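Q: sequence isn't available, so here's the structure alone:
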């Protein structure tokens, strides 16, 4: 196994140097990374083909293969996200409060880098770049540990970025990648409290739970998306159909896609056949409650496990509910606190849904696919936090900083 402790020590040392750099130096480093990726697109695609070939040999699902896939458009989008992050304000050094105490001292808070981040993720090699650029802009070093399914892609991306940093003031050691595919590497990494300040897992619900259970490093819980759209009885059918199709089929393998549809009983007989017809045009498998199966005779009866499941595939479960109250209760019981939506014309129902649904992002009359750092104006994201402490929702630059108190005096002493 590679010398993990050496890499982590290098990251720790680099984090001290990186935390002192100004915005101009960090932005210039990000431009070097963008140039390096642009120049090496053919090489990146060749390495990605190796991962795709191995995935086919292993019989990976279409959803997982889609997560691994890089093409020229996706790489161009990644490069554009770097440009977007360059344009964003640097949170490091921001004074977010200041007050004068009766004794004359000034007490304030300043944003500072967290230190060393460990990003542990499944598939999706774009996360390798997103994590690194956000870490650098926010003054943090980062340790990357992607899954073996995207090993070749992750290694080439990390190496290109490290080489680009060698032409900047940012230490190349600010980016470290754990190359070994052994699962034991994750467990070892998560014990390294002396070097790592916070771990951020991205992947399935089971993977995130595994990381949280074994880690001795503080963990920010992210990602799993058992998301719902609730269609109220007053909903505009055309709007609801358009939003549901976008939220389910545009990219079913990602965490902001929907997995469940809840439909008010008063419109079930009319709306369910319409939305099922739409979904089946995209080969979506239909599962449902008893009422849904009475309306759609060949639908598969959903089990209790279905209501908890994040499919990440062309599968959806439909449930008929008696009221807005029942819809909210169902969502809060089965969801993963990620993204939830209501389709309604009623302002009071919309506000009730917004206030009472427990999730990082709650929508009225819009697709859950917008839960994304880029779409929310953050440039990129390192993950979608589904917890409630420190950060919630897409985690951009500010969420990768912490604060410290700063105090100015003129010789005061405590009496």
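A: Here it is on my side, so go on. Bear in mind the structure is a predicted one, so any value in this text is a computation, not a measurement.
Q: low pLDDT regions in the stretch 51-200 of the chain?
A: Nowhere does the stretch 51-200 of the chain drop to pLDDT under 70.
Q: helices along that one, start to end?
A: 62-68, 72-87, 126-137, 151-165, 184-189 (DSSP state H, counting those that start in this stretch).
Q: what does the stretch 201-350 of the chain give?
A: Using DSSP H, counting those that start in this stretch, helices in the stretch 201-350 of the chain cover 205-214, 237-249, 268-280, 290-295, 304-308, 324-334, 347-356.
Q: so which of the ones you listed is nearest residue 177?
A: helix 205-214 (17.6 Å; Cβ to Cβ). Heads up, the C-betas are built off the backbone N, CA and C, glycines and all.
Q: and for residue 190, the neighbour number?
A: 23 (other Cβ atoms under 10 Å).
Q: which residue is the nearest non-sequential neighbour of it?
A: In this structure, residue 190 finds its nearest non-sequential neighbour in residue 215, 4.0 Å apart by Cβ to Cβ, 6 or more residues apart in numbering.
Q: quick one, what contacts that neighbour?
A: Residue 215 sits next to 190, 191, 199 when contact means Cβ atoms under 8 Å, 6 or more residues apart in numbering.
Q: and residue 28, by the same measure?
A: 168, 169.
Q: begin at 464, not 1, for the rest of this chat.
A: Yes, from this point I'll number from 464; that puts the last item at residue 491.
Q: buried residues of the host helix or strand of it, list them for me.
A: Taking DSSP states H and E as the definition, one finds residue 491 inside helix 486-502. Neighbour-count burial for helix 486-502 flags 486, 489, 490, 492, 493, 495, 496, 497, 499, 500 (criterion: 16 or more other Cβ atoms under 10 Å).
Q: same deal with stretch 626-636?
A: 627, 628, 631, 633, 634, 635, 636.
Q: ok, so of these, who is nearest residue 775?
A: Nearest member of the buried residues of stretch 626-636 to residue 775, counting by Cβ to Cβ, is residue 627, at 32.5 Å.
Q: quick one: that closest one and residue 502 touch, right?
A: No - the criterion here is Cβ atoms under 8 Å, and residue 627 misses it with residue 502 at 9.4 Å.
Q: picking that back up, format the helices of the stretch 664-813 of the chain as CSV; extra columns: mean pLDDT, mean neighbour count and distance to residue 470.
A: Shown next, in CSV, are the helices of the stretch 664-813 of the chain (pLDDT from 0 to 100; neighbours: other Cβ atoms under 10 Å; distance: least, Cβ to Cβ, whole Å):
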stretch, mean pLDDT, mean neighbour count, distance to residue 470
helix 668-677, 88, 16, 19
helix 700-712, 98, 19, 40
helix 731-743, 98, 17, 46
helix 753-758, 98, 16, 52
helix 767-771, 97, 14, 37
helix 787-797, 98, 18, 40
helix 810-819, 98, 14, 44
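Q: so which of the ones you listed is nearest residue 538?
A: Nearest of the helices of the stretch 664-813 of the chain (Cβ to Cβ): helix 700-712, 23.6 Å.
Q: mind checking how far the residue nearest to residue 540 when sequence neighbours are not counted is from residue 821?
A: Counting by Cβ to Cβ, 6+ apart, the nearest residue to residue 540 once its immediate chain neighbours are dropped is residue 589, at 8.0 Å. Residue 589 sits 29 Å away from residue 821, going by Cβ to Cβ, to the nearest Å.
Q: quick one on the thing from earlier: can you pull the pLDDT of the residue nearest to residue 653?
A: The model reports residue 678 with a pLDDT of 95.
Q: dihedrals phi and psi, it?
A: phi -80, psi 140 (degrees, to the nearest 10).
Q: how close does it get to residue 576?
A: 20 Å.
Q: same check, this time on residue 621
A: Distance of residue 621 to residue 576, given as Cβ to Cβ: 20 Å.
Q: how is this structure divided into domains?
A: 467-683+858-871, 690-833 (automatic domain parsing).
Q: what's the closest of those to residue 843?
A: Comparing the domains of the chain by Cβ to Cβ, domain 467-683+858-871 comes nearest, at 4.4 Å.
Q: for that closest one, measure first residue to last.
A: With Cα to Cα, to the nearest Å as the measure, domain 467-683+858-871 spans 41 Å from end to end.
Q: the residue nearest to residue 540 is in contact with residue 533, isn't it?
A: Yes - assessed by Cβ under 8 Å, residue 589 is found in contact with residue 533 at 7.4 Å.
Q: quick revisit: tell me which of the helices of the stretch 514-663 of the chain lies nearest to residue 831.
A: Among the helices of the stretch 514-663 of the chain, if distance is taken as Cβ to Cβ, the winner is helix 525-531, at 16.8 Å.
Q: tell me the buried residues in the helix or strand harbouring residue 476?
A: Using DSSP H and E, residue 476 sits within helix 467-481. Using 16+ other Cβ under 10 Å as the test for burial, helix 467-481 gives 467, 470, 471, 472, 473, 474, 475, 476, 477, 478, 481.
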